[in-house]
Every structure is written in C-alpha cells, then in structure tokens.
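*Asks:* Quick one, structure for this:
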Amino acid sequence: VVSGLAAAARRGILIKGGVYLEDAYQLKAIALDKTGTITEGKPKLVAQEVLSTQQTEAAVLAWAADLAGHSDHPVSKAIAQGLPTGHGSVSHFKALPGRGVEAQLAQSQGQTLWLGNHRLVEERGLCSAALEAQLAVHEAQGRTVTLLANAHEVLALFAVADTIKDSSREAIAQLHALGVASVMLTGDNLSTAQAIARQAGIDNAQGNLLPEDKLTAIERMQADLGPTAMTGDGINDAPALARAHIGIAMGAAGTDTAMEAADIVIMNDDLRRIPEVIRLSRRTRTVLWQNIVFALGIKAAFLVMAVWGNASMWMAVFADMGASLLVVVNGLRLLRGVATGRTEIEARG
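*Replies:* Numbers count the residues shown, from 1 in each chain. Predicted coordinates for the structure are as follows:
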C-alpha cells in the first residue's frame, strides 16, 4: 500500500490514505463537475448585450464589472476581464451558492443588483419568453449565460465560453474502457451541460444543480450504479465530494474547501490521473493477494514439514524473515508507477 501511495504521489496524485487506494478498484461510476474539471476553467466573455432601456450601456457594464470583480467564480472572472473597469465601490456583497452574487453599488443609487444564472432570474420573477429565446441560442452553443438584474428588470446578458481540456476526452474514454460510467453534474443550464458532455464523450449530464442537488444526485448514483466517485474543484462541490465513496479534487485550480473535503487530490488537474488511480488500485489489490497467498503458503508448507519432523532452524528463518522480505520486494514493484498499465487497458478497450 505504501508503494502504491508513493507511485501515485510521483504522478501528482495525492491520496489521503491507503483505504482510498484499496477501494478505488470498486468504482462503478464517476460524477464530474464541468467548469475547471472537464473544461479549462478559463472561460472568456464572447458576447454581451445590454437589455435595459432605462439605463445607459456604460453604467450597466460598469455595474456588471464591479459585481463580477468581487466574485472568485471563473465565469465572473471572465466577465470582469472582458468588461471595462468598473468603479469598484461595492457594499453588502453576498454570494448566493448555485445562483450568483448580490450587492449594492453607490453608483446605482444604492439599489441592490444581482449577477447570476438563469435560476436566479427565474426565482426573482424577471424571466420572459423573449429572454428565454436569447438564452436558448447561447446555451445551444455550449455557452454559460450570466444575467445582471435589479429588482425590476434584467439589465444585461453575458455569454461566456470555456474550452474542454484536451485530456478530458482521453480520460473519459479510458474510464469507459475500465467499465466506469460517467455523469456530469453542474450548476450550469442543462443545454450547455449536454453540449459539453457530448463533446467530451460523457454518458449523461445533469444541469441547474445546487450544491444539495449534487449531493442528492451522488446518493442516487450510489443506489443505482454502485460505488461512485465525485470529481470537482469548487465550494459547491464540497458536499458531494464528502458524500461520494471517493472524492477527487482538482488541486491546481481547486478551492481549499474542495481539497479539504476530497479523499484524493489531482495536483495538475489532469483527468487522466483518475483512470490511473483505478488501474493502480487494481494492481495494488492483485499484489496484496499475491503477498497474502505467498506468505501464508510458505508458512503452511513449513508447518507441514515441521509436523513430519523435516523442518530445520534455517527453514524457520526463511519462513519468517525470508517470506517478509519477499513480499516487501514484490510490493515494491508498484513503484514502477501506473503508466505501464495504460497500454494493456487501451488494447483491451
């Protein structure tokens, strides 16, 4: 087990205990967050439209820049980077998990503004048929749409696009070859989630999920499919990471909360490390059984010889220390790493 943990660490995979390495071979399904996990997590603002007829375009964009600049979500960061610099005067700022943010701006006469997703606007009763049609156009292209609103109307629309990591498609293909089903769980809208899932080769996608919805989805997958892992990088993923059989966090772009809740941390955010963990777990289990059978077999053989009077002191030393050394040497084979198992798996796939 120690050799397996060391081999994983050499590949940038930090496993927080031998039990998770030993249990990974049982995984039947894996749930994945979208932004920062399947995608690069570096979205760019590709379209914007001011919808209000009561406010000037410059004022609305400045308000959006102020709110987005105070959020640490990748989508908000993309909006802030794609807009002219705002005034920066924000008060009563509040994050709304799974929805967006709200704050008061002095430049907006102290009115409360919201910057968030489709769900947030629907809950505030500001959605319309015309707005739904605009959202559908962007969502069909796999874009994430964020809306700026006040208490009376939707002020602006911002479409952000993220690119899928080159490694994600290969990782999903390797997971499928290992017999592991894949499901995307995201707070983004369902149309965007399905578009990204198709591009990545993921079996199924669920969108518009709040943190508690992801937790429920994990529990449902565990009941329907068996042992399930969750992979994510954000605060919203923490409950699901903690509830899954094995929680896997992205270490490079992940939040401290996600890494604390997870059992395994992928330091370079490469999803291909996940099938490597499963292969390493299977190899570790094979070596464990080899060592158990080998050690007990030698002792059983020595016992039989001792009963028949054919045992010697040197045989006893070999049955004890010799067997221990042999199983240690066999276990050290795991230090050769996990990459060597990839060719065999891909050939069988």
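*Asks:* Do a quick rundown of the strands in the stretch 51-200 of the chain.
*Replies:* 90-96, 100-105, 112-116, 144-149, 154-161, 181-185 (DSSP state E, counting those that start in this stretch).
*Asks:* Determine the set of other helices and strands touching the last one.
*Replies:* For strand 181-185, the packing partners by 3 or more CB pairs under 8 Å, 6 or more residues apart in numbering; DSSP states H and E come out as strand 29-32, helix 166-177, helix 190-200, strand 204-206, helix 211-225. Yep, even glycine has a C-beta here, placed from its N, CA and C like the rest.
*Asks:* rank the ones you listed by pLDDT, which is bottom?
*Replies:* Mean pLDDT is lowest for helix 190-200 out of the helices and strands packed on strand 181-185, coming in at a mean of 88.
*Asks:* Where does the prediction get shaky in this protein?
*Replies:* Regions of the chain meeting the criterion pLDDT under 70 cover residues 86-88, 106-108, 337-349.
*Asks:* which residues does residue 318 contact?
*Replies:* Contacts for residue 318 (CB atoms under 8 Å, 6 or more residues apart in numbering) come out as 298, 302.
*Asks:* Tell me how far it lies from residue 44.
*Replies:* Distance of residue 318 to residue 44, given as CB to CB, to the nearest Å: 66 Å.
*Asks:* ditto for residue 79
*Replies:* With CB to CB as the criterion, residue 79 and residue 44 are 10 Å apart.
*Asks:* Give me the distance between residue 149 and residue 48.
*Replies:* Distance from residue 149 to residue 48, by CB to CB: 15 Å.
*Asks:* Between those two, which is the more surrounded one?
*Replies:* residue 149 (23 against 19; other CB atoms under 10 Å).
*Asks:* Hmm, residue 243 and residue 229 touching each other?
*Replies:* No. Using CB atoms under 8 Å, residue 229 is not in contact with residue 243, being 11.0 Å away.
*Asks:* out of the two, which sits in the busier spot?
*Replies:* More crowded of residue 229 and residue 243, by other CB under 10 Å: residue 229, with 30 against 18.
*Asks:* so which strand or helix has the more buried one?
*Replies:* Per DSSP states H and E: residue 229 is located in strand 228-232.
*Asks:* what packs against the very next helix or strand once past that strand?
*Replies:* Sequence order places helix 238-243 as the next helix or strand after strand 228-232, per DSSP H and E. If contacts are counted by 3+ CB pairs under 8 Å, 6+ apart, helix 238-243 sits against helix 211-225, strand 228-232, strand 246-250, helix 256-261.
*Asks:* so which of the ones you listed comes closest to residue 25?
*Replies:* Nearest of the helices and strands packed on helix 238-243 to residue 25, taken as CB to CB: strand 246-250 at 10.8 Å.
*Asks:* Let's see that closest one as PDB, backbone CA atoms only.
*Replies:* The C-alpha trace of strand 246-250 is given here as PDB (Å, rounded to 0.1, in the frame of the first residue of the first chain):
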ATOM      1  CA  ILE A 246     -14.200   8.600  -3.100                       C
ATOM      2  CA  GLY A 247     -14.000  12.400  -3.500                       C
ATOM      3  CA  ILE A 248     -11.400  13.700  -6.000                       C
ATOM      4  CA  ALA A 249     -10.500  17.400  -6.100                       C
ATOM      5  CA  MET A 250      -8.600  19.300  -8.700                       C
END
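*Asks:* which residues does residue 271 contact?
*Replies:* 32, 37-38, 165, 167-168, 171-172, 231.
*Asks:* how about it, secondary structure?
*Replies:* coil (DSSP: H, G, I helix; E, B strand; the rest coil).
*Asks:* Tell me how far the closest residue to it other than its chain neighbours lies from residue 198.
*Replies:* Of all residues not flanking residue 271 in the chain, residue 171 sits nearest, at 3.5 Å (CB to CB, 6 or more residues apart in numbering). Here residue 171 is placed at a distance of 16 Å from residue 198 (CB to CB).
*Asks:* same check, this time on residue 73
*Replies:* 24 Å.
*Asks:* pretty sure residue 156 is touching residue 47, no?
*Replies:* No. Counting by CB under 8 Å, residue 156 stays clear of residue 47, with 10.9 Å between them.
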